[in-house]
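Undergrad: when you get a sec, could you give me coordinates for this:
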Amino acid sequence: MVFDATDNRTMDRTDSRYEGEDLSCLNLEDFRCPISLEIMMDPVTIATGQTYERSSIQKWLKDGNHTCRKTGEKLTSTTLGPNLALQNVIRPAAVGAMRVLAEYLTYRLSWWKKKKSEEDDF
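TA: Now for the predicted structure:
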């Protein structure tokens, strides 16, 4: 839930008008899994406190590794805990980034079609 600074009313985060608006300053590069280097969509935290994409750390552990991939520390537990706070930041930011990319690609396609049409007129 986000508070509107002007009148202290809350904004419902499910309201699409606010989706990603307060997250525009985030750098999605900061949300890459240390193993896969992909943006984490299902981030989980391991015993060392490090966060990874669930499928990447599961494969790491299944391959017989019993250390934290990032720190090298021996794991006292292989329990994976969902990092809901990070997930709640990443997903709206990713949606916002995809929206910007879609707008850019739409603009470029429109520009290309216009340019092609002008060339065909000659």
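
Undergrad: what is the biggest helix by length in the chain packed up against?
TA: The longest helix of the chain (DSSP state H) is helix 84-121. Counting contacts by 3 or more Cβ pairs under 8 Å, 6 or more residues apart in numbering; DSSP states H and E, helix 84-121 packs against strand 43-45. C-beta coordinates here come from the backbone N, C-alpha and C atoms, glycine included.

Undergrad: sheet partners, orientation included, of the strand it packs on?
TA: Strand pairing for strand 43-45, using DSSP bridges, gives strand 51-53 (antiparallel), strand 81-82 (antiparallel).

Undergrad: just checking, next helix/strand downstream of the first one?
TA: In this case it means strand 51-53. helix 54-62 (DSSP states H and E).

Undergrad: now tell me what touches that next one from outside.
TA: With Cβ atoms under 8 Å, 6 or more residues apart in numbering as the test, helix 54-62 has contacts from 33, 35-36, 38, 42-44, 46, 52, 69, 78, 80.

Undergrad: and those, which are buried?
TA: For the contacts of helix 54-62, a burial check counting by 16 or more other Cβ atoms under 10 Å picks out 33, 35, 42-44, 46, 52, 69, 80.

Undergrad: okay, and the helix or strand of the chain with the least pLDDT?
TA: strand 2-3 (a mean of 43; mean pLDDT, DSSP states H and E).

Undergrad: quick check, I35 in a helix?
TA: No - counting by DSSP: H, G, I helix; E, B strand; the rest coil, I35 is located in no helix; its state is coil.
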